[in-house]
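Colleague: From the sequence below, what's the structure:
(one chain, ligands or ions: 1)
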Amino acid sequence: MGQLPLSLRQRIQLLGVPIDVLTHTEAIRCLQEFLIDGHQHHVMTPNSEMLVASCTDAAFREVLKHSDLNLPDSSGLLFAARWTGQRLPERVTGVDTVTHLCAQLAPDHPVYLLGAAPGIAERAAAALQTVNPQLRIGGTFAGSPRAEAVADIIERINAAKPHVLFVAYGAPSQDQWIARYLSQMPSVRIAIGVGGTFDFLAGHIKRAPLLLRRLHLEWAWRFGQEPSRWKRIGRAAVVFPILVLRYGKEAPRN
Ligand code: UDP
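Modeller: Numbering: from 1, shown residues only. Just a heads-up that it's a prediction; the model follows:
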């Protein structure tokens, strides 16, 4: 991206959803700009399964279309870009984005970890703090994406005044939650839906070895770790390619 203003950055379209053309390093630079530009930003990390969901869930597609940054979390998006004559330079995963952003955050930009099973966000925060002593953790809370939990969560976050909010409720809940409530948390400059990131950071789920990730086989590893995900993996590995081959850059007409 170099010195290119964010408004001129390049985006491709897959199934009617914009995806940002950024390397990992450029994505972190972009987040650093978001921190100081005076606006609130919703960052998403779409994967193949989320794009499949967007085809039947119009509200979720709108959230994906209006977020400020859509980072390609899964290999499927890189293949889909190629099949449709477009290009994405590399995967920019949620877990790598959280890890690298936290490594660069100054103490005057506190972070808050919301979501995952009870205790996991605390463990993830402790792991981040161990390798990044400069990082200021504003707070952690499991909470719940359910409507009755919203007031309590917003009160906690507004008391902690974080600049960066990581939300781990899985898609689409986490991103719908951010889209709906970000404006009620005025200290938050960047809110990112991070899926299973806290589980990885806490060591609750083991990430695929680098070789499998390089071979684009992380999905097979996750299936081995969590066989109950077979339906979700099927949507990503089978339904997504079929939809992309049929509709390409456009959203399917419902
Ligand atoms: N989660 C949660 N509350 C919910 C549903 C999910 O805290 O009501 C958490 C779950 O514990 C996990 C994360 O949301 O930590 C989502 O993980 P998932 O594996 O679905 O995300 P992915 O990495 O596949 O995007």
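Colleague: just the helices in the stretch 101-250 of the chain please.
Modeller: Taking DSSP state H, counting those that start in this stretch as the criterion, the stretch 101-250 of the chain contains helices spanning 120-131, 150-160, 173-181, 197-201, 210-214, 218-225, 230-234, 240-247.
Colleague: just those: most buried one?
Modeller: For the helices of the stretch 101-250 of the chain, the largest average neighbour count (mean count of other Cβ atoms under 10 Å) is found in helix 197-201, namely a mean of 26. Glycine gets a C-beta too; all of them are placed from N, C-alpha and C.
Colleague: List the buried residues in the host helix or strand of Glu33.
Modeller: In this structure, Glu33 sits in helix 24-36 according to DSSP states H and E. If you call a residue buried by 16 or more other Cβ atoms under 10 Å, then helix 24-36 has these buried ones: 24, 26-28, 30-32, 34-35.
Colleague: show me the contacts for the residue of the stretch 151-254 of the chain found nearest the ligand.
Modeller: Ranking the residues of the stretch 151-254 of the chain by distance to the ligand (Cβ to the nearest ligand atom) places Gly195 first, at 2.5 Å. Applying Cβ atoms under 8 Å, 6 or more residues apart in numbering, we find Gly195 in contact with 45, 47, 73, 94, 168, 170-171, 174.
Colleague: which residue packs closest to Pro252, ignoring adjacent ones?
Modeller: Once flanking residues are discounted, Pro252 sits nearest to Cys55: 5.1 Å by Cβ to Cβ, 6 or more residues apart in numbering.
Colleague: The one you found reaches Leu243, doesn't it?
Modeller: Yes - between Cys55 and Leu243 there is a contact under Cβ atoms under 8 Å: 6.1 Å.
Colleague: list residues touching both of these two?
Modeller: The contact sets of Cys55 and Leu243 overlap at 15, 252 (Cβ under 8 Å, 6+ apart).
Colleague: where does the stretch 151-254 of the chain have low pLDDT?
Modeller: Residues of the stretch 151-254 of the chain meeting the criterion pLDDT under 70: none.
Colleague: Return the residues of the stretch 1-150 of the chain in contact with the ligand.
Modeller: 115-117, 144-145 (Cβ under 6 Å from any ligand atom).
Colleague: Make a ChimeraX selection of the buried ones in the residues you listed.
Modeller: Command for ChimeraX that selects the buried part of these, burial taken from 16+ other Cβ under 10 Å:
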select :115,116,145
